[in-house]
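J.: Fold the following, please.
(chains A and B)
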2 protein chains.
Amino acid sequence: MPEFLKLHPPAEALDIYLGALSALDALPSEQIKTDAALGRVLAADVLAPIALPPFNRSTVDGYAVRAADTYGASASLPAYLNLIGEVRMGAAADIALLPHTAAVVHTGGMIPEGADAVVMLEDTDHARDAEIEIHKPAAVQENILLRGEDVQAGEPILNAGTRLRAQEIGGLMGLGLTSVDVVRRPRVGILSTGDEVVSPSEDPGPGQVRDINTFTLASLVSNAGGEPISYGIIADDYRQLRTAAEKAHAESDLVMITAGSSVSARDITASVIAELGQPGVLVHGISIRPGKPTILALAEGVPIIGLPGNPVSALVIAGLFVVPVLRLMLGMAPSERTAYIEAHMAVNIASLSGREDYQPVRLVKDGKQLLADPIFGRSNLIFTLVRADGLVRIPSEATGIAAGELVRVTLLT
Amino acid sequence: MPEFLKLHPPAEALDIYLGALSALDALPSEQIKTDAALGRVLAADVLAPIALPPFNRSTVDGYAVRAADTYGASASLPAYLNLIGEVRMGAAADIALLPHTAAVVHTGGMIPEGADAVVMLEDTDHARDAEIEIHKPAAVQENILLRGEDVQAGEPILNAGTRLRAQEIGGLMGLGLTSVDVVRRPRVGILSTGDEVVSPSEDPGPGQVRDINTFTLASLVSNAGGEPISYGIIADDYRQLRTAAEKAHAESDLVMITAGSSVSARDITASVIAELGQPGVLVHGISIRPGKPTILALAEGVPIIGLPGNPVSALVIAGLFVVPVLRLMLGMAPSERTAYIEAHMAVNIASLSGREDYQPVRLVKDGKQLLADPIFGRSNLIFTLVRADGLVRIPSEATGIAAGELVRVTLLT
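T.: The predicted structure is shown next:
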């Protein structure tokens, strides 16, 4: 069965695929400790159980006052207030301010009852033992952080699908939410196929090479928030591959199969993927380099992705197609903005019109300019990517990029 | 002891500090499994033990030939070669090609002795049982990937200080390097101070707030490749803080102390840091917002960093100063290029000349334009950063950024 592929543009291929997957059931959630939830994705919206800050706080070191008592005050004609005490940090402000009185308050300290402003220490003088001079009028609420100014009690603070960064972990802890419901990591079965492929711990015989794809793809899955599960190296044999793929399909939320490198080996992979269940293959063939023979399929609710056997192609394609699928399964927004670095292309590079190319580049400083230096190789060998800082996308309509042209380099992280 | 700080520009502060730390001993290394080394940093240079690919391989499905036998061949006047066998995938090419013979070879298969080119299947025809037609001449080495073309045996492939990405993991495995020497994760002691601070699992009384810094900073340390160790919440008390800081100093590779929020609490932190050992405080006060009262110190070979108590300030400053220190301790290159997203500032924002500002912004799509919408707040509350996608740096010489101006947003990840 030779390969005659109807090539889809990459964006169209992804649209078709994510569209089909959007009807899948959500992954189950699990409750974990918030301080172990960095990088995990929220399974449900979170409401603030309390207000933050939980009480009116001073933003400076100074004196809590009634603003009206300071009106008209100046250095030459200060207002005099009776000092009636100090609000200690971490303690209730058990002082009530009557007119013409003031209380010492520290940054972050609680504003006592009756006070409606804080005068900074610098704008005062300690006149006598129990009296202070105010040199500057304070407006109502000046230097006060109001209860609930950061977050109101009951306010929705985080949505389902939010990936937890350092600040979300801190915010949850600040609200006393020491455990949190997150989406279970998607289990991603990885099958590496090829008669010539042996385990890295083996000594390859003549004609054999060590497995790379299992490990690059597992790393990518981990980085994207999934749990990689290796199903080992499978020979280019229909029966063996089908047995292994069925096992992976039964146990995983997503299955990735790298195809053998010859056409007949790729045909075996394509047949097995097509027969795992309905609706089957949705996309076979993408107008992209590297990665043309990519297969995007869905079998009885489990996405199955057939990747090229070449390690560079497999890793690039997984970044473009597997990562968005994992995001969808985790309930994250369809796309996150990807940061980049602008650089000037160091040399001319050619590309076929009608095909989207992803060119590995190294970033090189050249005087004040940053250059994107393409890493060429006759075949996409893994050390091409080891030597690369990032990828440059050459759009489908372009026939190449001229030396000196400004491009956006997406870092390989 | 009031605060009179000589403010250093941020870049100068970092230079002074990294300069002083560059004399520190390297962290010890540890040998771990390569498939568990994602994100870790190499402790030593790695040489390739073998060549990759380990043998000459075909890059196409076709016939291994002697190039000279195909010269002058065309569709109308094909060259005829005797088919003497097939090189199976993963097996030695135990065929030796004599003149005017060819052997079937698959993509990735081993090139048999005597062959010096591969003709693609598409450029041939199967004439008779043991004979093929060649329709196109092949050049020497055409469609052959040479042994060592990716990596030569003995070639340095990865340097000490390299952080291992998916492709490095794959490259190491492809070379049979199933374990690897990495730098031990720097142990980072974290002390959160403040009389008003209680554990997130406690119900805060009046005037109390829950600890946030321990968790935001631990998350940042984890992301940067360190191992965070919490030393708990310490009261604003010289003796208690000194005892806790000495313990952290003895047990950690780096110590971070967030100061209490009042001036007197900050003074206690500064005194304790100054007295932990030689050479002591190298920088106290940075012309930056947020984070002016930052302290960069070195005590008997252990970096000690005093951070502001405000959670946003502490997290921003840790990103700017703690992360580079961790990189240095891990043996990584002094700076990595940081990716960004360009956007137009949504509104005017003001800044003081002579001070570098880091403004949290949200990225908002506005028609075809991407806007950086600043998140303002009277104090830097943690949900300011929760609502932010990234930070915009306002350089020291600027007095602000005008609405519409193009800025680079560094994502908070």
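J.: neighbours of the residue nearest to residue A:48 when sequence neighbours are not counted, just the number please.
T.: If the residues on either side of it in the chain are set aside, residue A:48 comes closest to residue A:151, at 4.5 Å by Cβ to Cβ, 6 or more residues apart in numbering or on different chains. Every residue, glycine included, has its C-beta placed from N, CA and C. Using other Cβ atoms under 10 Å in any protein chain shown, the number of residues around residue A:151 comes to 24.
J.: Show me where the stretch 251-400 of chain A dips below the pLDDT cut-off.
T.: For the stretch 251-400 of chain A, the stretches with pLDDT under 70 are A:335-336, A:378-379.
J.: Up against chain B, what does it have?
T.: For the stretch 251-400 of chain A, the contact set with chain B under Cβ under 8 Å from any Cβ of the partner chain comprises A:260-265, A:309, A:311-312, A:315, A:337-342, A:363, A:377-379, A:381-386, A:388-389.
J.: number of nearby residues for residue A:363?
T.: For residue A:363, the neighbour count with other Cβ under 10 Å is 17.
J.: list the contacts for the closest residue to residue A:246 other than its chain neighbours?
T.: Using Cβ to Cβ, 6+ apart and skipping the chain neighbours, the partner closest in space to residue A:246 is residue A:276 (7.0 Å). Residues near residue A:276 by Cβ atoms under 8 Å, 6 or more residues apart in numbering or on different chains: A:245, A:246, A:249, A:297, A:299, A:300, A:302, A:304.
J.: so how far is residue A:261 from the fifth one?
T.: Taking Cβ to Cβ, to the nearest Å as the measure, residue A:299 and residue A:261 are separated by 24 Å.
J.: Which residue of those two possesses the greater neighbour count?
T.: For residue A:299 versus residue A:261, neighbours defined as other Cβ under 10 Å are more numerous around residue A:261 (27 against 20).
J.: Just to check, the residue nearest to residue A:48 is in contact with residue A:49?
T.: No. Judged on Cβ atoms under 8 Å, residue A:151 makes no contact with residue A:49 at a distance of 9.9 Å.
J.: what's the overlap in contacts for these two?
T.: Overlap of the contact sets of residue A:151 and residue A:49 (by Cβ under 8 Å, 6+ apart) consists of residue A:175.
J.: How many residues are close by the closest residue to residue A:332 other than its chain neighbours?
T.: Computed as Cβ to Cβ, 6+ apart, the closest residue to residue A:332 that is not its neighbour in sequence is residue A:161, at 4.8 Å. Other residues within reach of residue A:161, judged by other Cβ under 10 Å, total 17.
J.: what sits against residue A:161?
T.: Applying Cβ under 8 Å, 6+ apart, we find residue A:161 in contact with A:41, A:42, A:330, A:331, A:332, A:333.
J.: export those residues to a markdown table and tack on neighbour count?
T.: Shown next, in a markdown table, are the contacts of residue A:161 (neighbours: other Cβ atoms under 10 Å in any protein chain shown):
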| residue | neighbour count |
| --- | --- |
| A:41 | 23 |
| A:42 | 24 |
| A:330 | 24 |
| A:331 | 18 |
| A:332 | 19 |
| A:333 | 12 |
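J.: and the two most separated of the residues you listed?
T.: The most widely separated members of the contacts of residue A:161 are A:42 and A:333, with 12.1 Å between them, by Cβ to Cβ.
J.: what distance separates the lengthiest strand in chain A from the centre of its chain?
T.: For chain A, the strand reaching the highest residue count under DSSP state E is reported as strand A:356-366. In terms of Cα atoms, centre = their mean, to the nearest Å, the centre of strand A:356-366 is found 23 Å from the chain centre.
J.: Against which helices or strands is it packed?
T.: Under the contact criterion of 3 or more Cβ pairs under 8 Å, 6 or more residues apart in numbering or on different chains; DSSP states H and E, strand A:356-366 touches strand A:288-289, strand A:341-345, strand A:369-374, strand A:390-394.
J.: Take those and lay them out in CSV including distance to residue A:236.
T.: Compiled in CSV, the helices and strands packed on strand A:356-366 are given as follows (distance: least, Cβ to Cβ, whole Å):
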stretch, distance to residue A:236
strand A:288-289, 24
strand A:341-345, 39
strand A:369-374, 33
strand A:390-394, 29
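J.: I'd like those strands as TSV, with mean neighbour count and distance to residue B:184 appended.
T.: As requested, the helices and strands packed on strand A:356-366 are exported to TSV (neighbours: other Cβ atoms under 10 Å in any protein chain shown; distance: least, Cβ to Cβ, whole Å):
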stretch	mean neighbour count	distance to residue B:184
strand A:288-289	20	41
strand A:341-345	20	30
strand A:369-374	18	33
strand A:390-394	22	29
